[in-house]
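Engineer: Quick one, what's the 3D model for this:
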Amino acid sequence: MITLKKKLGVLALSAAMSIPFSSSAHAAQTSGSTDIKVNLPDIIILHYISDITLNFGSDIGQSANESVASWTVAWDGATSDGSGELAVGNLDDTSNELGDISPIDVTLPNVWAIRGLSSSGTATVEITGGNLTLANSSSSIALSDFTVSGSGNTSASITADLNGLHKTTATVGDVNLKMDVSAAALSGEYDTSGTEYTITATTI
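Structural biologist: Sure, this is the predicted structure:
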């Protein structure tokens, strides 16, 4: 049996539920900022060619007209009183005199490249190996005065730009040398027999 007291309680609850609840006008909030740091190590990547062959074009034939000569000839075939004879001291030059071009200044283009990271953005590139002798039996060719070229510098040791890690921004360089063929007496291949030059790249 519902009493008057219970009826009044139900009415009060119904009235309270009919009033809409409003959200809080003030929300709690806080924030914090974080700095991010990245430490990258020195990185250097060296690209190089490990075997190089220099081909001096096709076979060459040249001639030099040494003018006129005359001799007195006896009936037994002996000659005397000659003029115009050839001697190593009076031979004329050919049209493209090969004997006078040694040593030859040779540039090996684009045979090394570097890329990477360093505190200065650069690296040293050094070439070592000294004088090399290429042999073909008893005949030889001497190589000397090795230098490297890159980033506008040429020396046995240069400073070159790294330009980051990407291959498309790498620094590409040359090797320069002198080739002496004055002791070459044979055609064919001349080989260093395991001797080579070495390129070393070091971050700065």
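
Engineer: Quick check: closest non-adjacent residue to residue 151.
Structural biologist: residue 160 (4.3 Å; CB to CB, 6 or more residues apart in numbering). For every residue, glycine as well, the C-beta is placed using N, CA and C.

Engineer: What strand or helix carries the one you found?
Structural biologist: strand 157-161 (DSSP states H and E).

Engineer: which residues touch that strand?
Structural biologist: Contact with strand 157-161 is made by 114, 121-127, 148-151, 153, 171, 173, 204, as judged by CB atoms under 8 Å, 6 or more residues apart in numbering.

Engineer: Heading C-terminal from it, find the next helix or strand.
Structural biologist: strand 171-180.

Engineer: that's a strand at residue 44, yeah?
Structural biologist: Yes. Assigned with DSSP: H, G, I helix; E, B strand; the rest coil, residue 44 falls within a strand.

Engineer: if we can go back for a sec, could you tell me how far the residue nearest to residue 151 is located from residue 109?
Structural biologist: Residue 160 sits 15 Å away from residue 109, going by CB to CB, to the nearest Å.

Engineer: same deal with residue 181?
Structural biologist: For residue 181 relative to residue 109 (CB to CB), the value is 21 Å.

Engineer: ok, which stretches of the protein are strands?
Structural biologist: 43-48, 70-73, 79-83, 104-117, 122-128, 132-136, 139-150, 153-155, 157-161, 171-180, 198-203 (DSSP state E).

Engineer: So for stretch 151-164, first residue to last residue, what's the gap.
Structural biologist: Chord length of stretch 151-164, first to last residue, is 14 Å (CA to CA, to the nearest Å).

Engineer: quick one: residue 203 and residue 115 touch, right?
Structural biologist: No. Contact criterion CB atoms under 8 Å: residue 203 and residue 115 do not qualify, at 11.3 Å.

Engineer: Between these two, tell me which one has more neighbours.
Structural biologist: Shown here are residue 203 and residue 115; by other CB atoms under 10 Å, residue 115 has more neighbours (23 against 18).

Engineer: Quick check, pLDDT for the closest residue to that one other than its chain neighbours.
Structural biologist: For residue 115, ignoring the flanking residues on the chain, the nearest one in space by CB to CB, 6+ apart is residue 170 at 3.9 Å. pLDDT, residue 170: 97.

Engineer: need the contact list for residue 170.
Structural biologist: 45, 47, 113, 114, 115, 163.
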